[in-house]
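J.: here you go, sequence then predicted model.
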Amino acid sequence: MSHKQQGARGKQQAVRSKGEKETPHCSLLTAHPGGLSQGVLIALEGIDGAGKTTQAQLLKDFLRQKGFEVVCFKEPTPGPWGRKIAEIARWGRKGISAQEEMELFLRDREEDVRDNILPALRENKIVIMDRYYYSSIAYQGALGLDPNEIKEINEQRFPKPDLVFILTIPPAEGIKRILSRGQGSGIRGPQRSPAYEEETYLTRVAKIFHELAKNKEPRTKNQEQRTKNKEQRTKSYEPSAKGLLEPPSTHCLLIDGMRQINIVHQEIAPSVLDRLSPLMRCSCP
C-alpha cells in the first residue's frame with residue numbers, strides 16, 4: 001500500500017472516530033443489485049374512482065427506479081371470468097345472486113394467482129395489485145354476504161398481501177370522478193355501471209373498507225360466539241356495526257384519496273420502503 005493510500009485510509013478512520021457515520025454501500029435510495037429475499041405482495045384498494053390505478057402506476061415506476069423488479073396486475077382480469085364480471089358491471093346483475101357474483105371473482109382470482117401472482121412472488125418480485133380480495137370482502141359484503149366468510153375463503157385459497165393501502169374518498173366524489181373522465185373504472189367498460197356505481201351501495205362498500213383498515217391488530221374469537229353472530233346476521237347486514245369484521249393480519253392503512261395525487265403517493269411510498277428494508281439481500285462486500 002502506498003503512503004498516499006495509507007494517508008487516505010487514516011483520514012477516513014479519523015472521520016469515523018469523531019462519530020461521523022460512513023456512507024453505507026447499500027441503500028434503499030439507490031438500485032439494489034442483491035434484490036429481495038422473498039416476494040412482496042401489495043394491494044391498492046378502495047371504492048371506484050379512488051385513484052387506485054394511478055397510484056399503482058406511480059408506485060410501480062417509483063420502485064423500478066430504485067432497482068426493484070416490479071409487476072402490476074389488475075382485478076378483474078381480462079380473462080374469461082373477468083370478462084363475465086365486466087358484463088355484469090356494464091349491464092347490471094340481472095338476477096345473478098351475490099353468491100354467484102362472488103364465485104365469478106373467485107374463479108377469476110384463481111387464474112390470476114396461478115398464472116401471474118404466484119410465479120412473480122416465487123421470483124422474489126414485488127407484485128402490486130390494483131384491487132385484490134379486499135374488494136371482494138367489501139363489495140360482496142355490501143350485498144349481504146358475510147365479510148368474515150369472504151375473507152376466510154380467500155385467505156385459504158390465495159396468498160395474503162403484505163401491505164394493503166385503502167384509498168378513501170366520499171362515494172359521491174368517486175362517481176363524480178368516474179363520470180368526469182367519461183368512463184367507468186377498470187372493473188367495467190365505458191358505460192356507467194348500474195351494478196357498482198350506485199351511491200348508497202358504495203357507501204356500504206366504503207364502510208366495510210373502513211372496518212378492514214381500523215381493525216389492524218389480530219385477535220381471536222370464540223368459535224361458539226362466532227357461530228352465534230353468524231346466525232344473527234341477515235341480508236340486511238349493516239357493515240358499520242361494531243365488531244362484525246375480524247381484523248386482517250396484513251398491515252392495512254387508510255389513505256386519504258382526496259388529496260393531490262403526488263401527496264398520496266408520498267404517503268404510500270415510504271411505507272412500502274419500510275416493508276422492503278428487512279428483506280434486502282446485500283450483495284456488497
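T.: Structure's in. What do you need? Residues are numbered from 1 along each chain as shown.
J.: okay, CA-based contacts and neighbour counts for the rest of this
T.: Will do.
J.: mind listing the strands for the stretch 151-285 of the chain?
T.: If DSSP state E, counting those that start in this stretch is used as the criterion, the strands of the stretch 151-285 of the chain fall at 163-168, 251-256.
J.: how about these in JSON lines, adding mean pLDDT, distance to residue 57 and mean neighbour count?
T.: Converted to JSON lines, these look like this (pLDDT from 0 to 100; distance: least, C-alpha to C-alpha, whole Å; neighbours: other C-alpha atoms under 10 Å):
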{"stretch": "strand 163-168", "mean pLDDT": "97", "distance to residue 57": "14", "mean neighbour count": "24"}
{"stretch": "strand 251-256", "mean pLDDT": "94", "distance to residue 57": "16", "mean neighbour count": "18"}
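J.: I'd like those as JSON lines, with distance to residue 42 appended.
T.: As requested, these are exported to JSON lines (distance: least, C-alpha to C-alpha, whole Å):
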{"stretch": "strand 163-168", "distance to residue 42": "5"}
{"stretch": "strand 251-256", "distance to residue 42": "10"}
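J.: just the helices in the stretch 51-200 of the chain please.
T.: Counting by DSSP state H, counting those that start in this stretch, the stretch 51-200 of the chain forms helices over residues 52-65, 80-91, 98-112, 118-122, 133-141, 147-157, 171-180, 199-214, given from the N-terminal end onward.
J.: rebuild the ones you listed as a markdown table, extending it with mean neighbour count and distance to residue 74.
T.: Written out in a markdown table, the entries for those read as follows (neighbours: other C-alpha atoms under 10 Å; distance: least, C-alpha to C-alpha, whole Å):
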| stretch | mean neighbour count | distance to residue 74 |
| --- | --- | --- |
| helix 52-65 | 18 | 8 |
| helix 80-91 | 19 | 10 |
| helix 98-112 | 18 | 9 |
| helix 118-122 | 16 | 14 |
| helix 133-141 | 24 | 11 |
| helix 147-157 | 16 | 17 |
| helix 171-180 | 18 | 17 |
| helix 199-214 | 20 | 18 |
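J.: distance to residue 261 and mean pLDDT added to those helices, as a markdown table?
T.: Compiled in a markdown table, the helices of the stretch 51-200 of the chain are given as follows (distance: least, C-alpha to C-alpha, whole Å; pLDDT from 0 to 100):
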| stretch | distance to residue 261 | mean pLDDT |
| --- | --- | --- |
| helix 52-65 | 8 | 97 |
| helix 80-91 | 27 | 86 |
| helix 98-112 | 28 | 96 |
| helix 118-122 | 28 | 97 |
| helix 133-141 | 21 | 96 |
| helix 147-157 | 30 | 95 |
| helix 171-180 | 13 | 89 |
| helix 199-214 | 20 | 92 |
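J.: distance to residue 71 added to those helices, as TSV?
T.: Putting the helices of the stretch 51-200 of the chain into TSV (distance: least, C-alpha to C-alpha, whole Å) gives the following:
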stretch	distance to residue 71
helix 52-65	7
helix 80-91	19
helix 98-112	13
helix 118-122	8
helix 133-141	18
helix 147-157	21
helix 171-180	25
helix 199-214	24
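J.: sorry, back to before: mind checking which of the strands of the stretch 151-285 of the chain is nearest residue 176?
T.: strand 163-168 (14.3 Å; C-alpha to C-alpha).
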